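Colleague: just coords:
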């Protein structure tokens, strides 16, 4: 078995000539040998393997399905797109969902432009649809891959995709959103803006946000509008996408979003701001922190910490403001300042973090331990070890986790002593 398995794995280096042997290996009685053959076929990436890989989605061994899905994803490119689109025409579920597409598909299958191979392609492993592919029935894959392949057609496919993104079959709508994101034209952007953002289909919304992110800076106005959505998951994912794009025209929207009522959203907004801020923006963050009436203070502190880790001038602009906020009467602000110091990964804050380990609020002491863990180093670990006998169980647990993850044998007596601590009962 192991010889056959290793042989199948090694055949991928031979390339297309090995495909007949690998197709035969897919019939092996041992599923691990079949899995090695599937992996090799995916690595070779030739459309000849498409029928066999689709069959693997129906394999009796369920563990093989995910391997087949991953291999199939590698085949969805400019070379295989015409075959996938033709396959889509024969898919019964598709005929039922969008019957008006069939005549147009026949023409589009032959319209893959030569420059398609140079486009940002469908091998992008960050797409949200890929994360949810394992939740779909195996029979849905041809439908999903065929619609997704229309992204290689380019602008001529946009009218069809505009309909598909509204389809009540989720697999069609999600694949259409991905294809529109790949095309990236003004019409594609307009179609993505029409997604049902107020529906309960969070998977579709996450996929559409990923598509907008792939379009880049021209999608920033649509994303900024979505920062005002009533849905927390949309605001959170949009804030993350804006940070990945990094366009400065989104700064004012991000600053406004620091007021968001949800802490997860504020954290994403702060992280995105920290990646994008320059000297004037950092000055604005400091002004928000200094204003006692500002509802954006917590988010501004987190953004300063992120900026301290990513900007060229962290010490001058970030650390002093964070340290000053450790004195605030509001425990939430002290926690945010500690989180910011942790994000900065700057040892300059160690003496101040040491003082915060004695804060009367357990949640603040916990934040101090977590910040010290982020900064790391022997000095930080020594400070963390002091909290192994804290009066609050959450602080003790965080302390033991930090010391255990350090892998330092010198902390074993501390860990053993804390295991007898009354707060762990």
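Modeller: Thanks, I have the structure now. The model shown is predicted, which means the values in this text are computed figures rather than measured ones. Residues are numbered from 1 along each chain as shown.
Colleague: in the stretch 301-425 of the chain, which ranges drop under the pLDDT threshold?
Modeller: 302, 304-318, 416, 418-425 (pLDDT under 70).
Colleague: That one: helices as residue ranges?
Modeller: With DSSP state H, counting those that start in this stretch as the criterion, the stretch 301-425 of the chain has helices at 314-317, 319-325, 331-344, 350-356, 362-375, 378-385, 393-406, 412-418.
Colleague: which of those helices sits most buried?
Modeller: helix 331-344 (a mean of 25; mean count of other Cβ atoms under 10 Å). C-beta here means a position set from N, CA and C on the backbone, and glycine is covered the same way.
Colleague: relative orientation of that helix and helix 362-375 in degrees?
Modeller: Here helix 331-344 runs at an angle of 10 degrees relative to helix 362-375 (axes from the mean of the first three to the mean of the last three Cα atoms, to 10 degrees).
Colleague: got a list of contacts for stretch 182-191?
Modeller: Under the contact criterion Cβ atoms under 8 Å, 6 or more residues apart in numbering, stretch 182-191 has outside partners 119-122, 151-152, 154-155, 157-158, 161-162, 165, 180-181, 211-212, 214-216, 218-219, 222.
Colleague: let's see it at 7 Å
Modeller: 119-120, 122, 151, 154-155, 158, 161-162, 165, 180, 214-215, 218-219, 222 (Cβ atoms under 7 Å, 6 or more residues apart in numbering).
Colleague: Any idea which helix or strand in the protein has the lowest mean pLDDT?
Modeller: When the helices and strands of the chain are scored by mean pLDDT, DSSP states H and E, helix 128-132 comes last with a mean of 36.
Colleague: For residue 195, which of the helices of the stretch 301-425 of the chain is the nearest?
Modeller: helix 331-344 (32.5 Å; Cβ to Cβ).
Colleague: can you pull the buried residues of stretch 200-214?
Modeller: Residues of stretch 200-214 classed as buried by neighbour count (16 or more other Cβ atoms under 10 Å): 201, 204-214.
Colleague: now do stretch 229-238
Modeller: Buried positions in stretch 229-238, judged by neighbour count with 16+ other Cβ under 10 Å: 229, 231, 234-238.
Colleague: so can I have CSV of these showing secondary structure, distance to residue 37 and pLDDT?
Modeller: Shown next, in CSV, are the buried residues of stretch 229-238 (DSSP: H, G, I helix; E, B strand; the rest coil; distance: Cβ to Cβ, whole Å; pLDDT from 0 to 100):
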residue, secondary structure, distance to residue 37, pLDDT
229, coil, 45, 93
231, coil, 43, 92
234, helix, 41, 93
235, helix, 45, 93
236, helix, 40, 91
237, helix, 37, 92
238, helix, 41, 93
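Colleague: quick one: which of those residues is nearest residue 259?
Modeller: residue 235 (11.4 Å).
Colleague: Now that closest one: closest residue in space that isn't a chain neighbour?
Modeller: residue 265 (4.7 Å; Cβ to Cβ, 6 or more residues apart in numbering).
Colleague: ditto for residue 272
Modeller: Spatial nearest neighbour of residue 272, excluding adjacent residues (Cβ to Cβ, 6+ apart): residue 243 at 2.8 Å.
Colleague: confidence score at that neighbour?
Modeller: Note on residue 243: pLDDT of 84.
Colleague: got a list of contacts for the strand or helix carrying it?
Modeller: Assessed by DSSP states H and E, residue 243 sits inside helix 232-245. Contact partners of helix 232-245, identified using Cβ under 7 Å, 6+ apart, comprise 197, 202, 205-206, 209, 212-213, 216-217, 220, 223, 226-227, 229, 250, 254, 257, 260, 262, 264-265, 268-269, 271-272, 275-276.
Colleague: Can you report how many residues lie near the residue nearest to residue 235?
Modeller: Neighbour count for residue 265, taken as other Cβ atoms under 10 Å: 24.
Colleague: and it, what pLDDT?
Modeller: pLDDT, residue 265: 85.
Colleague: any idea how far it is from residue 237?
Modeller: According to Cβ to Cβ, to the nearest Å, residue 265 stands 10 Å off from residue 237.
Colleague: ok, now residue 153?
Modeller: 27 Å.
Colleague: repeat for residue 61
Modeller: The gap separating residue 61 from residue 237 is 34 Å, by Cβ to Cβ.
Colleague: Going by contacts, tell me the helices and strands next to whichever helix or strand residue 33 is part of.
Modeller: Using DSSP H and E, residue 33 maps to helix 31-44. Contacting helix 31-44 under the criterion 3 or more Cβ pairs under 7 Å, 6 or more residues apart in numbering; DSSP states H and E are the following elements: helix 2-10, helix 19-25, helix 50-56, helix 63-75.
Colleague: Pull out the buried positions in it.
Modeller: By neighbour count with 16+ other Cβ under 10 Å, helix 31-44 contains the buried residues 31-42, 44.
Colleague: pLDDT (mean, whole number) over that helix?
Modeller: What helix 31-44 shows for mean pLDDT is 85.
Colleague: circling back: after the helix holding residue 243 comes which helix or strand?
Modeller: Using DSSP H and E, the helix or strand that follows helix 232-245 in sequence is helix 251-257.
Colleague: tell me which residues of the next helix or strand after that following helix are tucked away?
Modeller: Downstream of helix 251-257, the next assigned helix or strand under DSSP H and E is helix 263-276. By neighbour count with 16+ other Cβ under 10 Å, helix 263-276 contains the buried residues 265-276.
Colleague: now the angle from helix 263-276 to helix 331-344?
Modeller: 40 degrees.
Colleague: Report all helices and strands that helix 263-276 contacts.
Modeller: Using 3+ Cβ pairs under 7 Å, 6+ apart, the elements in contact with helix 263-276 are helix 232-245, helix 251-257, helix 297-310.
Colleague: Quick check: which of the ones you listed is buried the most?
Modeller: Per residue and on average, the most neighbours among these fall to helix 297-310, with a mean of 27 (mean count of other Cβ under 10 Å).
Colleague: wait, what's in contact with the nearest residue to residue 355 once chain neighbours are set aside?
Modeller: Leaving aside its sequence neighbours, residue 355 sits nearest to residue 326 (Cβ to Cβ, 6+ apart; 7.7 Å). When contacts are counted by Cβ under 7 Å, 6+ apart, residue 326 is found next to 334, 337, 352, 356.
Colleague: surely the first one meets residue 328?
Modeller: Translated: residue 334. Yes - if you go by Cβ atoms under 7 Å, residue 334 and residue 328 touch, sitting 5.7 Å apart.
Colleague: Now residue 165. Its backbone dihedrals?
Modeller: Main-chain dihedrals, residue 165, degrees, to the nearest 10: phi -70, psi -10.
Colleague: what sits against it?
Modeller: Residue 165 neighbours (Cβ under 7 Å, 6+ apart): 173, 176-177, 180, 191, 195.
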